[in-house]
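[1] Predicted model, plus sequence, below.
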Amino acid sequence: MHTPGPVNLSRPRPRRRCTRGAVVLAASVAALALAGCAGQEQSGTPAQRITTWVNGAGGSGIGSVEVDVHNVDLALAKHNRPDAVREVCALLSNDAQSAIGNLPTPYDQLTDELNDAYTVATSAGDDCYNGAGGRAALEVRSATERSRTLTLLAVAVRYIESVTGQTPSTATNAPHDNADPFSGNT
């Protein structure tokens, strides 16, 4: 039986040399991979580009923020406990921040309109959360911000309609029959 001798760890390993062809191939693969990252909303007619964006996560982001605003209004109208109100307020802030992640849209004007709406919605959720349970000034400010959010979202939806000729789908899971989804009695 042969026992191997000590291994010389100080001896450098031979280096592999990249050929020009290997470098060109690697660069080509990287370029194709990056091109694959570009969304379909970056090609086609303006209507096709916006429709693709809306049908991705864009439309549901708009819808989620709209539903959250209505849920906050509903929770307040039903005089839910402060912890239940904070829950819907936090959801509004979180969904608005998630919707910002769906930006940019294919068009700067629409991106700006939605960014404004989502920023105001985030403030509305934060002020609502901090005002729940009796801080009237924050509750009033949140109400104003929620109203402004809906106005800004309506402007964005009208922009989408003007480009596509269709009302965009902003479908999401909305409460049914004006039920209070946060009262614990649904």
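    Yep, that arrived. Note that this is a predicted model, so its numbers are computed, not measured.
[2] and T170, what are its phi and psi?
    For T170, the backbone dihedrals are phi -120, psi 30 (criterion: degrees, to the nearest 10).
[3] Correct me if wrong: it contacts V65.
    No: using CB atoms under 8 Å, T170 makes no contact with V65, being 9.1 Å away. To be clear about C-beta, it is placed using only N, CA and C from the backbone, and glycine gets the same treatment.
[4] the more surrounded of these two?
    Remark: of T170 and V65, V65 carries more neighbours, 31 against 21, as counted by other CB atoms under 10 Å.
[5] measure the more buried one to V72 for me?
    Plainly put, V65 is 11 Å away from V72 if you go by CB to CB, to the nearest Å.
[6] Now do the shared contacts for those two.
    Residues touching both V65 and V72 (CB atoms under 8 Å, 6 or more residues apart in numbering): L92.
[7] Check this structure for its longest helix and report it.
    Assignment by DSSP state H gives helix 136-164 as the longest helix of the chain.
[8] Just the buried residues of that helix, please?
    Within helix 136-164, the residues scored as buried using 16 or more other CB atoms under 10 Å are 138-139, 141-143, 145-146, 148-150, 152-153, 156-157, 159-160, 163-164.
[9] Give the residue spans of this protein that score low on pLDDT.
    Along the chain, the model assigns pLDDT under 70 to residues 1-42, 172-186.
[10] quick one: the helices in it?
    Assigned by DSSP H, the helices in the chain fall at 20-37, 46-53, 59-77, 82-100, 108-131, 136-164.
[11] ok, and the closest non-adjacent residue to V54?
    Leaving aside its sequence neighbours, V54 sits nearest to P168 (CB to CB, 6 or more residues apart in numbering; 4.4 Å).
[12] Repeat that for D127.
    Excluding the flanking residues, the one nearest D127 by CB to CB, 6+ apart is S142, at 3.9 Å.
[13] Next, the contact list for that neighbour, please.
    Counting by CB under 8 Å, 6+ apart, S142 makes contact with V72, C89, S123, A124, G125, D127, C128, G131.
[14] how about JSON lines for those, with neighbour count and distance to A99 added?
    As requested, these are exported to JSON lines (neighbours: other CB atoms under 10 Å; distance: CB to CB, whole Å):
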{"residue": "V72", "neighbour count": "27", "distance to A99": "15"}
{"residue": "C89", "neighbour count": "27", "distance to A99": "16"}
{"residue": "S123", "neighbour count": "20", "distance to A99": "14"}
{"residue": "A124", "neighbour count": "28", "distance to A99": "13"}
{"residue": "G125", "neighbour count": "29", "distance to A99": "12"}
{"residue": "D127", "neighbour count": "23", "distance to A99": "18"}
{"residue": "C128", "neighbour count": "29", "distance to A99": "17"}
{"residue": "G131", "neighbour count": "21", "distance to A99": "22"}
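[15] Much appreciated, bye for now.
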